[in-house]
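*Asks:* Sequence plus the predicted model coming up.
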Amino acid sequence: MNKNMYIQELAELYEQSRIVPFIGAGLSMPFNIPSWNSIIKELMKKVDEEYHPAINFELKQHNYWEAVDLLMRFGNLIEYDVQQEICAIIQSSIHRDISIETHNYADLGRLAFKTFVTTNYDGLLYEFLEGNSHLPVNLADVQINSQKLINNTDFKRIWCLHGQLSNPGSIVLTRKKYELLYRNNNYIELFSLLKASNTFLFLGFSFDDHYLKKLINVNKDIFNNVHYIVLNKPTIQNVKYLREHYNLKVIPIEVNENIDYASEIREILKQISFKEVQKENKKKDINDINLSKKIEPIWNVPYKKNIFFMGRKAELEHLERAVYSNKGTSFIQAISGLGGIGKTQLALQYCYQKRNQYDVIHWINAENNASIIASYEKLASTLHLPLSDEKNNNVTLEVVKKWMQTNSNWLIVFDNLMEEETLQTFLPTLFCGDIIITTRKSNISSLINPMDLDKFKRSESIQFILNRIQKHKCFEDSADQLADTLDDLPLALEQASAYIIKTGISIDDYLKRFKKYRQQIIREGMPLDYNFTIATTWEMSFEEIKKKNPKALDFIYLCSVLSPDKIELEIFKNHNDDILDILSNWIPSELELDQILATLREFSLIKSHESSFSIHRLVQVVINDKLDIYQRKYFIDIGLNLLLDNWENLKNKDSKISHTLTITKYAIDNEICLDEVTKILNLLSGLLISLGQFNKAMEILYTALKIDSILYSELHFSVARDYNSLGVLYTNLGDYNKAEAYFKKSINIDTFNKGNRVDFSHNLATLKWKQGFLYEAAQIYEETIKRIEFYNLIQEDIMVSAIFISFGSLLNEIGEYEKAKQYLMNIIKLLKTHVGVKTSSLLIRAYNNLSLLHESLGEYEEAITTIHRAIKLVEQYVGKNSFEIIECYNNLGLYYYKMYEASQFTAKLDTNKLILSKKYLNRSLSISRKLLGENHILQTDILNNLAMTYEALGDYNLAKTMLLEGLSICKEHLGNVSHPKIATIESNLGSITWKLGDYKKGEELLLNVLKNDVLTYGKNNVEIARDYRKLSDMYYSNRDYDKAIKSLKKSHKIYKSTIGDDKYETLLTQLQIYFMLLDNACYKEAKNLSAKVLKSALHQYGEGSPIVEHIKLTIAKLK
């Protein structure tokens, strides 16, 4: 991890007085300073034990800010109370009488550091400062004119970022205070001034220290240079992460005890502060150089310096470290990568950077033996070495190899090496100089840790273009488009820039020409000072592959019609009989597939990932342009069939979408394989609808319908399939009239053709269900299941299973619990017998719906157990960050909310259930935002459930914020339509509004929802019953008891007439009427209703349940 090199760099900085030690909690641990976890545990004694689980949960997650917030909320503590308590806890814990060998403050205090920064409160470092020193100062408190204090070199000073024990009110401990502190302009300006040209050395921090990461993240403009951190037992991943994300170079140590930790830090400080060590190291490097004779510097590099070279900072640093750390070990550093990726330019830049550090720098064109021999002869001649012996035999090779063995301080670049055997021929076994090779081959086994060069980062591409064509930053958007079109390939960007400079056209005009004349530009465009175009660079690789493994060439031709990223290997493992004959010749076994991939990797044409690989987009462009129409049809046909055969097996939804869109565009543009195109577009529409991408789904479905209407008659099955898919789309958009029209068209065509498409009727039943016509939906499901049994369609297991699962869920909503359970348990039993990637999503869905059934029955523990089974399946077959896990966590959060609701009938409300509800709903929302970004339609249900949880916690403002966010998302995606999602949110928004005190506005919102729902569903619908129940809650809370009871009775009447007298929603409403009558002192009416209520509650909840006991108690009081 370059520990010695970093210490040497720090020694040089120390000599220049440019190091500022940045002290973390780890350096105070020897003094028995308690950890945050210990401090909060002590403070928990001031909070009732019932709240401890919630605080402990945050502690386990290391969420100390949240834990402090809960302490203050549950303990009714103000911030200053907590600050004083923390100071008292720390002060009482400090052990000052410890040996100086056990800590590092004495070491730091003795050295010549003038400035220190710390996040610690304890002030212990000040006690060990030697020489003149100021009292520690809070950085946030310093006035802007305090620059003289920072620049004062006569006194040592400690700057405290987070406050001091001597001033409890200065201690920063809540998230809000941290945010305010780190974004305070005065603080940022002063902190920037403090850093100036200094380098921070972080001591006493761990890899997981979120305060440190927060500090650097918020002040990225300040922390823009490299800084250093000492870490105990860092992993390679830790080191890489800190370097890439926080600009921190890691100095690793490995200790188990605090005293060993102090000893290691002490040793590092000694090495930094003793400049003699640095001098000795430099002296040793000079002595290592072994020149047989004094020579003048030799520069044999055939290329001018690339004045437009930019970026690649990390790669150049890697190259320097690799060469430096392996001096004298006969080490060869290889730079491999795709043709045009910039290997030669990187090596060239390194040569120019190190021009004054080597006695000899020599460049060899290593494409073939003849060019290498010619280059060796030139080197021998320059060095005045003999080219032939006394018998006139050519001895150049042996002479140069011997020179490499006996001389050092030279650098030779083998550019574009083609074969590994070349190294064995032209290099001695041992040599004393440095060798860099560039090669398209990535599998040269004799080389250790070759650098695999990747394309530019997007920011590098944009900067390269603007620098190259000398344009201002206002052209960034156009440069970004050009970089995207050329997929950030350096040679392509250089070629485009050279064309723009030569012709004087704009970037936008170049993009138009590239789109129109792509093939000609790629093949003929010539960048300045470069011998090959993009196309000719790769043509050489294709020719090599054709000789070595022709199957690999056909394979990459096939991949050229797919999306370039995340081509899953699963695609090539399952195929139907038509494709089997073709692929079995190419890929008779997985071993053959391995060989094909190895060949393509060898030439850097693909990049392998765990279960997929990717191709550069322009490689695909070059291949596509060289295929004739027959080849194109051949590969498109194979690609489409492979995607169709493996549709259910492909896990990555994004790559599935991009592959389908890519290949169908090729097919449509070439007017080939259109039957397969419309088939796969229908499958894709279903995926897009499930992801909430309605506009894209609509676009591709109308494309499919247009193609099928041209290919076939109006009564063809393919047209019916398109109508059915459009019906599904409009159902999800809430346009139920259009949806029903399309479903009926599809069913009529299916009937005309005497088909048995049970999915058509299944989708119509789903529509009726969403419309609130539950019994009509149930009737369609029952007729569909009869057809399945009559025509023995059980072999269509995926669709049949989906129908059974949906029907079970509908029965649950109707209140047919036993029947629902029977359907769901039977399908779970069937699916469990052959669970795999293909059926796992159905089994997950079945468990989800079974958990909802348990929730309806008030069996919350069973609901939670069942949903955890679904989560386990998701983690096993789909992944922890997936769409399925979003739904599972959303349901889990909902169940904990329902458990809280149920606790209202017990002696004490269980608010801990709300904490758990919030936890899982936030987790669901977090994963959703990670996968889908902000403001996605699939997040509205989670936001709605979170709003209910926050409402129950009494945080009405946050609940309102959640609902407004959900409403905004719905209207953005769905428009101002009457959609169930919008109605649900507006209804809850009405409830929150009156709870916040605006009764009139709340009533207006709820009545508006009722009005729109009547227009959508009609007057006698369960949705209308739910609206009346919500209105009743509002009226009751406002003590308008007459309106409350009237609204609830209307709700009960609708439930009774639509779903029956003994169903859950009906019974619940009746129960609410009973309790409302009691609260309103309508004892006579309540008494008349009591027997029926008790009977219903016994039927619903069972003897001994809290609610039944509560009803019995009220009846006893009535008597």
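*Replies:* Sure, I can see it.
*Asks:* Backbone torsions only: list them for Ile364.
*Replies:* Main-chain dihedrals, Ile364, degrees, to the nearest 10: phi -120, psi 130.
*Asks:* Thought Ile373 was touching it, still the case?
*Replies:* No - in this structure, Ile364 is not within contact of Ile373 by C-beta atoms under 8 Å, at 9.9 Å. C-beta: built from backbone N, CA, C; applies to glycine.
*Asks:* Compare those two (neighbour count), which wins?
*Replies:* Ile364 (24 against 17; other C-beta atoms under 10 Å).
*Asks:* for stretch 693-703, which positions count as buried?
*Replies:* By neighbour count with 16 or more other C-beta atoms under 10 Å, stretch 693-703 contains the buried residues Gln693, Phe694, Ala697, Met698, Ile700, Leu701, Thr703.
*Asks:* Regarding the third one, what is its secondary structure?
*Replies:* With DSSP: H, G, I helix; E, B strand; the rest coil as the basis, the three-state label of Ala697 is helix.
*Asks:* which helices and strands does the helix or strand hosting Val1009 pack with?
*Replies:* Element membership of Val1009, judged by DSSP states H and E, is helix 999-1017. For helix 999-1017, the contact count by 3 or more C-beta pairs under 8 Å, 6 or more residues apart in numbering; DSSP states H and E identifies helix 980-995, helix 1022-1037 as packing neighbours.
*Asks:* now the angle from it to helix 980-995?
*Replies:* Orientation check (axes from the mean of the first three to the mean of the last three C-alpha atoms, to 10 degrees): helix 999-1017 against helix 980-995 gives 160 degrees.
*Asks:* List of residues touching helix 999-1017?
*Replies:* 736, 771-772, 978, 983, 986-987, 989-995, 1021, 1023-1024, 1027-1028, 1030-1031, 1034, 1038 (C-beta atoms under 8 Å, 6 or more residues apart in numbering).
*Asks:* what do you get for stretch 876-888?
*Replies:* Outside stretch 876-888, the residues that touch it by C-beta under 8 Å, 6+ apart are 651, 653, 690-691, 835-837, 840-841, 844, 848, 867, 870-871, 874-875, 924, 927-928, 930-931, 938, 942.
*Asks:* average pLDDT for that stretch?
*Replies:* For stretch 876-888, the mean pLDDT works out to 86.
*Asks:* Between the two ends of that stretch, how far is it?
*Replies:* Across stretch 876-888, the terminal residues are separated by 14 Å (C-alpha to C-alpha, to the nearest Å).
*Asks:* Check stretch 874-893 too.
*Replies:* Using C-alpha to C-alpha, the end-to-end distance of stretch 874-893 comes to 17 Å.
*Asks:* can you give me the offset of it from its chain's centre?
*Replies:* Centroid separation between stretch 874-893 and its chain, computed with C-alpha atoms, centre = their mean, to the nearest Å, is 15 Å.
*Asks:* tell me which residues of it are tucked away?
*Replies:* By neighbour count on 16+ other C-beta under 10 Å, the buried set for stretch 874-893 is 874, 877-878, 882-893.
*Asks:* distance of the nearest residue to Tyr847 once chain neighbours are set aside from Tyr877?
*Replies:* With C-beta to C-beta, 6 or more residues apart in numbering as the criterion, Tyr847 has its nearest non-adjacent residue at 3.8 Å, and that residue is Ala870. From Ala870 across to Tyr877, the span is 11 Å (C-beta to C-beta, to the nearest Å).
*Asks:* and Gly1102, how many neighbours?
*Replies:* Gly1102 has 12 neighbours, counted by other C-beta under 10 Å.
*Asks:* My read is that it contacts Val1108, right?
*Replies:* Yes - using C-beta under 8 Å, Gly1102 is in contact with Val1108, at 7.2 Å.
*Asks:* which element follows the helix or strand encompassing Thr664 toward the C-terminus?
*Replies:* Following DSSP H and E, one finds Thr664 within helix 653-670. Proceeding N to C from helix 653-670, the next assigned helix or strand is helix 674-690, under DSSP H and E.
*Asks:* what's next to that next one, contact-wise?
*Replies:* Contacts for helix 674-690 (C-beta under 8 Å, 6+ apart): 637, 640-641, 643-644, 647, 653, 656-657, 660-661, 664, 667-668, 694, 696-697, 700-701, 703-704, 707-708, 711, 718, 721-722, 725, 728-729, 732, 883.
*Asks:* Name the SS class of Ile158, please.
*Replies:* With three-state DSSP as the basis, Ile158 sits in strand.
*Asks:* Phi and psi next, for Pro297.
*Replies:* Backbone torsions for Pro297, taken as degrees, to the nearest 10, come to phi -50, psi 140.
*Asks:* and what of Ile437?
*Replies:* Given degrees, to the nearest 10, the pair of backbone angles that Ile437 has is phi -120, psi 150.
*Asks:* if I read this right, Thr428 contacts Trp403, doesn't it?
*Replies:* Slight slip there: residue 428 is Pro, not Thr. No - using C-beta under 8 Å as the test, Pro428 is too far from Trp403 to be in contact (9.4 Å).
*Asks:* which one of those two has more residues nearby?
*Replies:* Trp403 (20 against 15).
*Asks:* Does that one lie in a helix or a strand, and which?
*Replies:* Element membership for Trp403, per DSSP H and E: helix 396-406.
*Asks:* residues of that helix that come out buried?
*Replies:* Thr396, Val399, Val400, Lys401, Trp403, Met404, Gln405.
*Asks:* CSV please, covering those residues and showing distance to Leu764 and pLDDT.
*Replies:* Shown next, in CSV, are the buried residues of helix 396-406 (distance: C-beta to C-beta, whole Å; pLDDT from 0 to 100):
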residue, distance to Leu764, pLDDT
Thr396, 84, 81
Val399, 87, 87
Val400, 82, 90
Lys401, 81, 89
Trp403, 85, 90
Met404, 80, 88
Gln405, 83, 86
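*Asks:* who touches the helix holding Trp403?
*Replies:* 290, 292, 373, 376-377, 379-380, 383, 385-388, 410, 412, 426-428, 430-433.
*Asks:* which regions of the stretch 1-150 of the chain lie under the pLDDT threshold?
*Replies:* In the predicted model, the stretch 1-150 of the chain carries pLDDT under 70 at residues 1, 140-150.
*Asks:* any idea how far Ile927 is from Tyr920?
*Replies:* Taking C-beta to C-beta, one finds Tyr920 at 11 Å from Ile927.
*Asks:* Please identify which of the two sits among more neighbours.
*Replies:* Shown here are Tyr920 and Ile927; by other C-beta under 10 Å, Tyr920 has more neighbours (24 against 19).
*Asks:* So for the more buried one, what's the pLDDT?
*Replies:* For Tyr920, the pLDDT comes out at 94.
*Asks:* Please name the nearest non-neighbouring residue to it.
*Replies:* Of all residues not flanking Tyr920 in the chain, Gly893 sits nearest, at 3.7 Å (C-beta to C-beta, 6+ apart).
*Asks:* element containing that neighbour?
*Replies:* Per DSSP H and E, Gly893 falls inside helix 883-902.
*Asks:* Export only the CA atoms of the helix or strand just after that helix, formatted as PDB.
*Replies:* Remark: after helix 883-902, the chain's next helix or strand is helix 912-932, criterion DSSP H and E. Output of helix 912-932 as PDB, limited to C-alpha atoms (Å, rounded to 0.1, in the frame of the first residue of the first chain):
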ATOM      1  CA  ASN A 912     -42.600   0.800  19.300                       C
ATOM      2  CA  LYS A 913     -44.500  -0.700  16.400                       C
ATOM      3  CA  LEU A 914     -44.600   2.700  14.700                       C
ATOM      4  CA  ILE A 915     -40.800   2.900  15.100                       C
ATOM      5  CA  LEU A 916     -40.500  -0.400  13.300                       C
ATOM      6  CA  SER A 917     -43.000   0.600  10.700                       C
ATOM      7  CA  LYS A 918     -41.000   3.800  10.000                       C
ATOM      8  CA  LYS A 919     -37.800   1.700   9.800                       C
ATOM      9  CA  TYR A 920     -39.000  -0.700   7.100                       C
ATOM     10  CA  LEU A 921     -41.000   1.800   5.100                       C
ATOM     11  CA  ASN A 922     -37.900   4.100   5.000                       C
ATOM     12  CA  ARG A 923     -35.800   1.100   3.900                       C
ATOM     13  CA  SER A 924     -38.300   0.400   1.200                       C
ATOM     14  CA  LEU A 925     -38.200   4.000   0.000                       C
ATOM     15  CA  SER A 926     -34.400   4.100   0.200                       C
ATOM     16  CA  ILE A 927     -34.000   1.000  -2.000                       C
ATOM     17  CA  SER A 928     -36.700   2.300  -4.400                       C
ATOM     18  CA  ARG A 929     -34.900   5.600  -4.800                       C
ATOM     19  CA  LYS A 930     -31.500   3.800  -5.300                       C
ATOM     20  CA  LEU A 931     -33.000   1.700  -8.100                       C
ATOM     21  CA  LEU A 932     -35.400   4.100  -9.700                       C
END
